[in-house]
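Chemist: What follows is a protein structure lacking sequence information:
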């Protein structure tokens, strides 16, 4: 069954004429303009990684078992974090607090959670085990400490980490700290962190391995 396609210029209908000038872009600005918000930061990181890896994707599917699924079937999970979150900086009206409600996080406090999860594409069963469901795990960390200079769109302010599921599952945890990530990344490729420019160089070979495994499994 076909579904409606929404474009930024689409406007409200079936209502007062004054409201019919309100566009979908107005909604996006209202709901999704704060990239320091925890939920949006994670979605934005998914989009960044898609762009950096030049993977084609029509839309985000929030209930998929992996954030990115390549044409060849490689599954990629994206996790994001930063020193700052909007709830520390804004009150419930959206106004900037005179001082943050909570101090900046330390490096030791930065963790990426949710590495294990139940199947999201079927009816949930609380008895089902939580598993690692992706082939590759990419972690995006917005490292800017100066809140006045904090800019999610500036990719020089981001650090990236990429690990195959074998490395993640060997640790056996459902979350991982920033210091541990740096240690694991160093073991994998001799670099403690990756940049926007170097991420693809590390991830593309991991994708190739995962896609090859998918192809071999389909032949069995």
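Modeler: That came through fine. From a predicted model like this one, the values you see are computed outputs, not experimental measurements.

Chemist: Determine the number of other residues adjacent to the nearest residue to residue 130 once chain neighbours are set aside.
Modeler: Nearest residue to residue 130, sequence neighbours excluded (CB to CB, 6 or more residues apart in numbering): residue 116, at 3.9 Å. No exception for glycine: its C-beta is placed from N, CA and C like everyone else's. By other CB atoms under 10 Å, the residues close to residue 116 number 16.

Chemist: just checking, residue 116 touches residue 131?
Modeler: Yes. Using CB atoms under 8 Å, residue 116 and residue 131 qualify as a contacting pair, with a distance of 5.9 Å.

Chemist: give me every residue that touches the residue nearest to residue 130.
Modeler: 130-132, 174 (CB atoms under 8 Å, 6 or more residues apart in numbering).

Chemist: Now it, what are its backbone angles?
Modeler: Per-residue torsions, residue 116: phi -110, psi 140 (degrees, to the nearest 10).

Chemist: Same question for residue 140.
Modeler: According to degrees, to the nearest 10, residue 140 has phi -110, psi 130.

Chemist: My guess is it contacts residue 45. True?
Modeler: Yes. The pair residue 140 / residue 45 is scored as a contact, 3.9 Å apart, by CB under 8 Å.

Chemist: give me the low-pLDDT residue ranges for the protein?
Modeler: 1 (pLDDT under 70).

Chemist: can you pull out the strands in it?
Modeler: Defined through DSSP state E, the strands belonging to the chain, from first to last, are 68-69, 75-82, 111-112, 136-142, 158-164, 176-177.

Chemist: other SSEs contacting the third one?
Modeler: Going back to what we said before, that points to strand 111-112. If you count contacts as 3 or more CB pairs under 8 Å, 6 or more residues apart in numbering; DSSP states H and E, strand 111-112 packs onto strand 75-82, strand 176-177, helix 178-189.

Chemist: now for the ones you listed, which one comes closest to residue 35?
Modeler: strand 75-82 (9.7 Å; CB to CB).

Chemist: Quick check: the closest residue to residue 54 other than its chain neighbours vs residue 134, distance?
Modeler: If the residues on either side of it in the chain are set aside, residue 54 comes closest to residue 200, at 7.5 Å by CB to CB, 6+ apart. Residue 200 sits 17 Å away from residue 134, taking CB to CB, to the nearest Å as the criterion.

Chemist: So for these two, which sits in the more crowded spot?
Modeler: A side-by-side neighbour count of residue 200 and residue 134, using other CB under 10 Å, places residue 134 first with 23 against 18.

Chemist: my read: the more buried one touches residue 164, true?
Modeler: No. Between residue 134 and residue 164 no contact is recorded; they are 9.7 Å apart, counting by CB under 8 Å.

Chemist: What are the boundaries of the helices in this structure?
Modeler: Here the chain has its helices, by DSSP state H, at 24-32, 38-53, 86-89, 165-171, 178-189, 199-219.

Chemist: Next, the angle from the fifth one to strand 75-82.
Modeler: Taking axes from the mean of the first three to the mean of the last three CA atoms, to 10 degrees, one finds that helix 178-189 is oriented at 140 degrees with respect to strand 75-82.

Chemist: Many thanks, we can stop here.
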